[in-house]
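Quick one, fold the following:
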Amino acid sequence: MSMDVTFLGTGAAYPSPTRGASAVVLRCEGECWLFDCGEGTQTQLMKSQLKAGVPPGPAYGKLKNGISVVLENGVTISPQDVLKKPIVGRKICILGDCSGVVGDGGVKLCFEADLLIHEATLDDAQMDKAKEHGHSTPQMAATFAKLCRAKRLVLTHFSQRYKPVALAREGETDGIAELKKQAESVLDLQEVTLAEDFMVISIPIKK
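Numbers count the residues shown, from 1 in each chain. From the prediction side, this is the model:
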C-alpha cells in the first residue's frame, strides 16, 4: 500500500516566482487528500506529476471493514477470501499557520508520527513577529517535533524572503539553510527536511 506526500507549494501568504503558496497532497491507494490549500494550487496541481485515482466502490469498502458482500450473481465473498493481513498504520501530521498547539491534544495526536510537516514561516530571530501573526519558527517546530517524538520533521510554509536552496546565494547567513540549522540544533542534529515545490516524500510501510 503506497503512501506519499507531495508539496505543491511551500511559500507563505501568496505565490511568487520561486515558490507556490502552501499546499500539501497526501496520496494513499490512489486517493488524494489536499491540505493547507493556498492561492494558485490548481495551477501547481496541473504542473505536478500527480494523477488522481478512481476510488474503489462500496463493496470494496465493506470488505475492508470486515463485512461480507453478496455479488449480483449471488456469490458471497468474505473479507478473509480477498484481503491480506492488516498493515500497520502510518501517521502523518500537518501543522500549518500555527504559533503553537494549544493543550496536550496536538502532542497526543502527533505522538510518534512517522512524518511531521510543520510550518516555519520566519527564522528564530523573528519569533515574536511570527507569533504575532500566528506563525512558527524552526525552533518552535522542532520543539514540538521533539515533544511528539516524531520520526521525521519537514519544514514548509516559508516567508517568500527565503529562496529555495538552489537559488540561495553562497555564504548567505539569513537564507533558507539557516532555518534547517536552527531546527536541527533543537533536535540534537537529527536531519530536518526543507520542503520544496513538487518535492515528493514516500512514507514506507512499517516492518
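
what's the spacing between the residue nearest the centre of the chain and Ile92?
Nearest to the mean C-alpha position of the chain, counting by CA atoms, centre = their mean, stands Ile117 at 4.3 Å. Distance of Ile117 to Ile92, given as CB to CB, to the nearest Å: 7 Å. Where you see a C-beta, it was placed from the backbone N, CA and C, and this is true even at glycine.

Quick check: neighbours shared by these two?
Taking CB atoms under 8 Å, 6 or more residues apart in numbering as the contact rule, Ile117 and Ile92 both touch Val5.

ok, now which ones touch the residue nearest to the centre of the chain?
Val5, Val24, Ile92, Cys93, Ile94, Leu95, Gly96, Val154, Thr156, Ala195.

out of the residues you listed, who's nearest Met140?
Nearest to Met140 among those, counting by CB to CB, is Leu95 at 10.1 Å.

okay, now the closest one: neighbour count?
21 (other CB atoms under 10 Å).

Would you mind confirming that it is in contact with His118?
Yes - using CB atoms under 8 Å, Leu95 makes contact with His118 at a distance of 4.8 Å.

which residues do these two both contact?
Joint contacts of Leu95 and His118 (CB under 8 Å, 6+ apart) are Ser136, Ala141, Phe144.

Please name the residues that touch the first one.
Right, the one you point to is Ser136. Leu95, Cys98, Ser99, Gly100, His118, Glu119, Ala120, Thr121, Ala130.

Just the buried ones out of those residues, please.
Neighbour counting with 16 or more other CB atoms under 10 Å marks Leu95, Cys98, Ser99, His118, Glu119, Ala120, Thr121, Ala130 as buried within the contacts of Ser136.

what sits against the first one?
Applying CB under 8 Å, 6+ apart, we find Leu95 in contact with Val101, Gly106, Cys110, Leu116, Ile117, His118, Glu119, Ser136, Ala141, Phe144.

Show only the entries of the residues you listed found in helices.
Taking DSSP state H, the ones among the contacts of Leu95 that sit in helices are Gly106, Ala141, Phe144.
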